[in-house]
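J.: sequence first, then the predicted structure, then my questions.
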Amino acid sequence: MKSAIPSPALGLILGAIGVTIFGLTLPMTRIALDGFSPLFITFGRAVIASAAAGTALLVLGKRWPRGAFPALFLAGICLVFGFPIFSSIAMQSLPAAHGGVVLGLLPLLTSIFAVVVDGERPSPLFWLCGFAGAALVVAFSARQSGFHLEVGDLWLLASAVSASLGYVLSARLARRLSGWEVISWALVVMLPLSLVGAVLTFSSGVTAPGHAAIGALLYHGLLSMFGGFIFWNAGLAIGGISRVAQIQLMQTFVTLLFSTLLLGEHIGIETIIFAIAVAFVVWLGRKARIS
(Lines give C-alpha, C1' and ligand atoms only; values in the text may rest on other atoms or scores of the structure.)
Protein backbone atom coordinates (compact mmCIF):
# COMPACT_ATOMS: atom_id res chain seq x y z
CA MET A 1 0.00 0.00 0.00
CA LYS A 2 1.35 3.39 -0.97
CA SER A 3 1.80 5.93 1.83
CA ALA A 4 -0.56 8.92 1.77
CA ILE A 5 2.36 11.14 2.78
CA PRO A 6 4.82 12.04 -0.01
CA SER A 7 8.28 10.53 0.51
CA PRO A 8 10.13 13.86 1.07
CA ALA A 9 7.56 14.94 3.67
CA LEU A 10 7.57 11.55 5.37
CA GLY A 11 11.36 11.66 5.50
CA LEU A 12 11.26 15.08 7.16
CA ILE A 13 8.67 13.93 9.70
CA LEU A 14 10.68 10.85 10.67
CA GLY A 15 13.85 12.94 10.79
CA ALA A 16 12.17 15.49 13.06
CA ILE A 17 11.17 12.75 15.53
CA GLY A 18 14.75 11.51 15.59
CA VAL A 19 16.08 15.05 16.09
CA THR A 20 13.75 15.58 19.05
CA ILE A 21 15.12 12.45 20.71
CA PHE A 22 18.71 13.44 19.92
CA GLY A 23 18.13 16.95 21.26
CA LEU A 24 18.05 15.66 24.83
CA THR A 25 21.39 13.88 24.47
CA LEU A 26 23.66 16.70 25.69
CA PRO A 27 21.51 17.65 28.73
CA MET A 28 21.28 13.96 29.63
CA THR A 29 25.05 13.69 29.27
CA ARG A 30 25.53 16.49 31.79
CA ILE A 31 23.21 14.66 34.21
CA ALA A 32 24.90 11.28 33.64
CA LEU A 33 28.33 12.82 34.35
CA ASP A 34 27.25 13.25 37.99
CA GLY A 35 27.71 9.52 38.46
CA PHE A 36 29.66 8.18 35.51
CA SER A 37 32.83 9.02 33.60
CA PRO A 38 32.72 9.92 29.88
CA LEU A 39 34.22 6.58 28.89
CA PHE A 40 31.82 4.52 31.00
CA ILE A 41 28.88 6.51 29.64
CA THR A 42 30.04 5.64 26.13
CA PHE A 43 30.48 1.92 26.73
CA GLY A 44 27.61 1.56 29.20
CA ARG A 45 25.03 3.11 26.92
CA ALA A 46 26.30 0.97 24.04
CA VAL A 47 25.80 -2.21 26.08
CA ILE A 48 22.26 -1.14 27.04
CA ALA A 49 21.42 -0.28 23.44
CA SER A 50 22.97 -3.51 22.14
CA ALA A 51 20.83 -5.55 24.53
CA ALA A 52 17.67 -3.85 23.27
CA ALA A 53 18.75 -4.13 19.62
CA GLY A 54 19.81 -7.77 19.88
CA THR A 55 16.53 -8.71 21.57
CA ALA A 56 14.53 -7.01 18.81
CA LEU A 57 16.51 -8.77 16.06
CA LEU A 58 16.12 -12.15 17.78
CA VAL A 59 12.40 -11.81 18.47
CA LEU A 60 11.66 -10.69 14.91
CA GLY A 61 13.85 -13.39 13.40
CA LYS A 62 16.10 -11.07 11.36
CA ARG A 63 19.03 -12.62 9.52
CA TRP A 64 22.52 -11.17 9.21
CA PRO A 65 22.76 -8.90 6.13
CA ARG A 66 25.47 -10.36 3.92
CA GLY A 67 28.20 -8.05 2.74
CA ALA A 68 27.23 -5.30 5.18
CA PHE A 69 29.91 -5.85 7.84
CA PRO A 70 32.42 -3.18 6.67
CA ALA A 71 29.79 -0.42 6.53
CA LEU A 72 28.17 -1.53 9.80
CA PHE A 73 31.55 -1.65 11.55
CA LEU A 74 32.55 1.83 10.38
CA ALA A 75 29.11 3.28 11.20
CA GLY A 76 29.35 1.66 14.63
CA ILE A 77 32.78 3.16 15.31
CA CYS A 78 31.43 6.62 14.40
CA LEU A 79 28.05 6.48 16.16
CA VAL A 80 28.46 3.99 18.99
CA PHE A 81 31.91 5.14 20.15
CA GLY A 82 33.08 8.30 18.35
CA PHE A 83 30.24 10.73 18.98
CA PRO A 84 29.50 9.63 22.58
CA ILE A 85 33.14 9.78 23.70
CA PHE A 86 33.89 13.15 22.13
CA SER A 87 30.63 14.82 23.20
CA SER A 88 30.87 13.49 26.78
CA ILE A 89 34.38 14.92 27.15
CA ALA A 90 33.15 18.25 25.77
CA MET A 91 30.27 18.36 28.26
CA GLN A 92 32.74 18.25 31.14
CA SER A 93 33.74 21.85 30.41
CA LEU A 94 30.91 23.35 28.31
CA PRO A 95 27.22 24.05 29.01
CA ALA A 96 24.80 21.76 27.18
CA ALA A 97 23.11 24.80 25.60
CA HIS A 98 26.41 25.93 24.11
CA GLY A 99 27.06 22.44 22.77
CA GLY A 100 23.60 22.31 21.22
CA VAL A 101 24.26 25.35 19.08
CA VAL A 102 27.79 24.30 18.11
CA LEU A 103 26.46 20.94 16.91
CA GLY A 104 24.46 22.94 14.39
CA LEU A 105 27.48 22.14 12.19
CA LEU A 106 26.16 18.59 11.83
CA PRO A 107 23.87 19.23 8.82
CA LEU A 108 26.62 20.87 6.76
CA LEU A 109 29.09 18.12 7.58
CA THR A 110 26.47 15.47 6.79
CA SER A 111 25.80 17.10 3.42
CA ILE A 112 29.52 17.14 2.64
CA PHE A 113 29.81 13.43 3.43
CA ALA A 114 26.64 12.78 1.38
CA VAL A 115 28.43 14.29 -1.63
CA VAL A 116 31.71 12.45 -1.04
CA VAL A 117 30.30 9.07 0.02
CA ASP A 118 26.83 8.92 -1.52
CA GLY A 119 27.13 11.06 -4.66
CA GLU A 120 24.36 13.56 -3.89
CA ARG A 121 24.54 16.90 -5.76
CA PRO A 122 22.97 19.79 -3.82
CA SER A 123 22.24 23.06 -5.65
CA PRO A 124 24.24 26.28 -5.08
CA LEU A 125 21.37 27.65 -2.96
CA PHE A 126 21.58 24.61 -0.72
CA TRP A 127 25.32 25.07 -0.21
CA LEU A 128 24.81 28.78 0.45
CA CYS A 129 22.32 27.96 3.19
CA GLY A 130 24.55 25.23 4.59
CA PHE A 131 27.58 27.45 4.89
CA ALA A 132 25.46 30.31 6.25
CA GLY A 133 24.19 28.04 9.01
CA ALA A 134 27.70 26.84 9.78
CA ALA A 135 28.96 30.45 9.89
CA LEU A 136 26.25 31.34 12.40
CA VAL A 137 27.27 28.39 14.57
CA VAL A 138 30.96 29.32 14.46
CA ALA A 139 30.16 32.96 15.25
CA PHE A 140 28.04 31.93 18.22
CA SER A 141 30.74 29.64 19.57
CA ALA A 142 33.38 32.37 19.19
CA ARG A 143 31.28 34.98 21.01
CA GLN A 144 30.39 32.59 23.83
CA SER A 145 34.07 31.82 24.42
CA GLY A 146 35.24 35.44 24.14
CA PHE A 147 36.68 34.72 20.68
CA HIS A 148 39.01 32.12 22.19
CA LEU A 149 38.73 28.56 20.93
CA GLU A 150 37.94 26.28 23.86
CA VAL A 151 39.22 22.72 24.05
CA GLY A 152 35.62 21.61 24.48
CA ASP A 153 34.74 23.13 21.10
CA LEU A 154 37.37 20.95 19.44
CA TRP A 155 35.87 17.86 21.06
CA LEU A 156 32.42 18.95 19.86
CA LEU A 157 33.78 19.37 16.32
CA ALA A 158 35.26 15.88 16.46
CA SER A 159 31.91 14.51 17.65
CA ALA A 160 30.10 16.28 14.80
CA VAL A 161 32.47 14.85 12.18
CA SER A 162 32.11 11.36 13.64
CA ALA A 163 28.31 11.55 13.79
CA SER A 164 27.84 13.01 10.31
CA LEU A 165 29.93 10.30 8.65
CA GLY A 166 28.03 7.67 10.64
CA TYR A 167 24.70 9.16 9.52
CA VAL A 168 25.61 8.89 5.84
CA LEU A 169 26.88 5.32 6.15
CA SER A 170 23.72 4.34 8.04
CA ALA A 171 21.45 6.04 5.52
CA ARG A 172 23.06 4.13 2.65
CA LEU A 173 22.42 0.86 4.46
CA ALA A 174 18.85 1.94 5.31
CA ARG A 175 17.96 1.76 1.61
CA ARG A 176 18.28 -2.04 1.70
CA LEU A 177 17.46 -2.59 5.38
CA SER A 178 14.94 -0.85 7.60
CA GLY A 179 16.24 2.02 9.74
CA TRP A 180 15.98 0.06 12.98
CA GLU A 181 17.85 -2.92 11.53
CA VAL A 182 20.81 -0.76 10.53
CA ILE A 183 21.45 0.65 13.99
CA SER A 184 20.60 -2.71 15.59
CA TRP A 185 23.18 -4.64 13.58
CA ALA A 186 25.75 -1.88 14.09
CA LEU A 187 25.25 -2.14 17.85
CA VAL A 188 25.52 -5.94 17.75
CA VAL A 189 28.78 -5.69 15.76
CA MET A 190 30.17 -3.32 18.41
CA LEU A 191 28.94 -5.37 21.39
CA PRO A 192 32.22 -7.23 22.09
CA LEU A 193 34.14 -3.95 22.25
CA SER A 194 31.35 -2.33 24.27
CA LEU A 195 31.40 -5.11 26.87
CA VAL A 196 35.17 -5.03 27.22
CA GLY A 197 35.13 -1.23 27.53
CA ALA A 198 32.35 -1.27 30.14
CA VAL A 199 34.18 -3.84 32.27
CA LEU A 200 37.52 -2.03 32.07
CA THR A 201 36.04 1.39 32.95
CA PHE A 202 33.54 0.23 35.58
CA SER A 203 35.74 0.55 38.68
CA SER A 204 36.99 4.04 37.85
CA GLY A 205 33.99 5.25 35.87
CA VAL A 206 31.11 4.67 38.32
CA THR A 207 30.99 7.00 41.34
CA ALA A 208 27.83 6.47 43.40
CA PRO A 209 25.33 7.55 40.71
CA GLY A 210 21.93 8.78 41.83
CA HIS A 211 18.56 8.03 40.24
CA ALA A 212 18.91 10.96 37.86
CA ALA A 213 22.30 9.82 36.55
CA ILE A 214 21.09 6.24 36.12
CA GLY A 215 17.97 7.46 34.32
CA ALA A 216 20.09 9.63 32.03
CA LEU A 217 22.31 6.64 31.18
CA LEU A 218 19.22 4.57 30.36
CA TYR A 219 17.94 7.38 28.15
CA HIS A 220 21.25 7.35 26.29
CA GLY A 221 21.11 3.60 25.73
CA LEU A 222 17.45 3.12 24.87
CA LEU A 223 16.68 6.36 23.03
CA SER A 224 19.76 8.39 22.03
CA MET A 225 21.63 5.28 20.89
CA PHE A 226 18.78 3.08 19.68
CA GLY A 227 15.27 4.53 19.45
CA GLY A 228 16.25 7.85 17.87
CA PHE A 229 18.20 6.16 15.09
CA ILE A 230 15.18 4.09 14.07
CA PHE A 231 13.43 7.29 12.97
CA TRP A 232 16.56 9.14 11.85
CA ASN A 233 17.95 6.45 9.54
CA ALA A 234 14.54 5.89 7.96
CA GLY A 235 14.08 9.64 7.44
CA LEU A 236 17.48 10.04 5.76
CA ALA A 237 16.86 7.08 3.46
CA ILE A 238 13.35 8.17 2.46
CA GLY A 239 13.73 11.94 2.20
CA GLY A 240 17.34 12.25 0.99
CA ILE A 241 20.41 12.59 3.18
CA SER A 242 21.27 16.25 2.52
CA ARG A 243 17.72 17.58 2.77
CA VAL A 244 16.66 15.70 5.90
CA ALA A 245 20.02 16.42 7.53
CA GLN A 246 19.12 20.13 7.58
CA ILE A 247 16.34 19.34 10.04
CA GLN A 248 19.04 18.65 12.58
CA LEU A 249 19.72 22.36 12.87
CA MET A 250 16.42 22.41 14.79
CA GLN A 251 18.05 20.13 17.35
CA THR A 252 19.50 23.32 18.78
CA PHE A 253 16.04 24.40 19.95
CA VAL A 254 15.37 21.08 21.65
CA THR A 255 18.74 21.15 23.43
CA LEU A 256 18.26 24.77 24.53
CA LEU A 257 14.77 24.02 25.87
CA PHE A 258 15.79 21.00 27.92
CA SER A 259 19.02 22.61 29.09
CA THR A 260 16.80 25.19 30.74
CA LEU A 261 14.16 22.77 32.06
CA LEU A 262 16.47 20.01 33.30
CA LEU A 263 19.71 21.81 34.16
CA GLY A 264 18.58 25.34 34.93
CA GLU A 265 21.08 26.77 32.46
CA HIS A 266 20.51 30.40 31.58
CA ILE A 267 19.52 30.99 27.96
CA GLY A 268 20.27 34.59 27.00
CA ILE A 269 18.63 36.61 24.26
CA GLU A 270 21.75 36.27 22.10
CA THR A 271 21.47 32.46 22.14
CA ILE A 272 17.81 32.70 21.14
CA ILE A 273 18.62 35.09 18.27
CA PHE A 274 21.28 32.74 16.92
CA ALA A 275 18.90 29.78 17.18
CA ILE A 276 16.17 31.66 15.28
CA ALA A 277 18.65 32.65 12.58
CA VAL A 278 19.70 29.03 12.20
CA ALA A 279 16.05 27.96 11.96
CA PHE A 280 15.51 30.44 9.13
CA VAL A 281 18.46 28.95 7.26
CA VAL A 282 16.90 25.49 7.66
CA TRP A 283 13.61 26.73 6.22
CA LEU A 284 15.34 28.35 3.26
CA GLY A 285 17.59 25.37 2.58
CA ARG A 286 14.62 22.98 2.60
CA LYS A 287 13.44 24.57 -0.65
CA ALA A 288 16.78 24.13 -2.42
CA ARG A 289 17.11 21.52 -5.15
CA ILE A 290 19.12 18.34 -4.56
CA SER A 291 19.79 15.76 -7.28
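T.: Okay, I see it.
J.: got a pLDDT number for Phe73?
T.: Phe73 carries a pLDDT score of 95 in this model.
J.: how about the strand or helix carrying it: buried residues?
T.: Phe73 is part of helix 69-76, with elements assigned from DSSP states H and E. For helix 69-76, a neighbour-count test (16 or more other Cβ atoms under 10 Å) marks 71-72, 74-76 as buried. Placement of C-beta: from N, CA and C, glycine included.
J.: what helices or strands is the longest helix seen in the chain leaning on?
T.: In the chain, with assignment by DSSP state H, the single longest helix is helix 179-205. Identification of packing neighbours for helix 179-205 by 3 or more Cβ pairs under 8 Å, 6 or more residues apart in numbering; DSSP states H and E yields helix 38-59, helix 69-76, helix 151-173, helix 228-239.
J.: could you list the low-pLDDT ranges of the stretch 151-291 of the chain?
T.: 282-283, 285-291 (pLDDT under 70).
J.: separation between Phe81 and Ile269?
T.: Phe81 is 37 Å from Ile269, where distance means Cβ to Cβ, to the nearest Å.
J.: which of the two has more residues huddled nearby?
T.: Phe81 (20 against 7; other Cβ atoms under 10 Å).
J.: what's the nearest residue to the more buried one if we skip its chain neighbours?
T.: Leaving aside its sequence neighbours, Phe81 sits nearest to Thr42 (Cβ to Cβ, 6 or more residues apart in numbering; 6.2 Å).
J.: was I right to think that neighbour contacts Gly82?
T.: No: contact criterion Cβ atoms under 8 Å: Thr42 and Gly82 do not qualify, at 9.2 Å.
J.: look at these two and report which has more neighbours.
T.: The residue with more neighbours, out of Thr42 and Gly82, is Thr42; 27 against 19, by other Cβ under 10 Å.
J.: check the gap between the more buried one and Ala9 for me.
T.: When Thr42 is compared with Ala9 (using Cβ to Cβ), they lie 35 Å apart.
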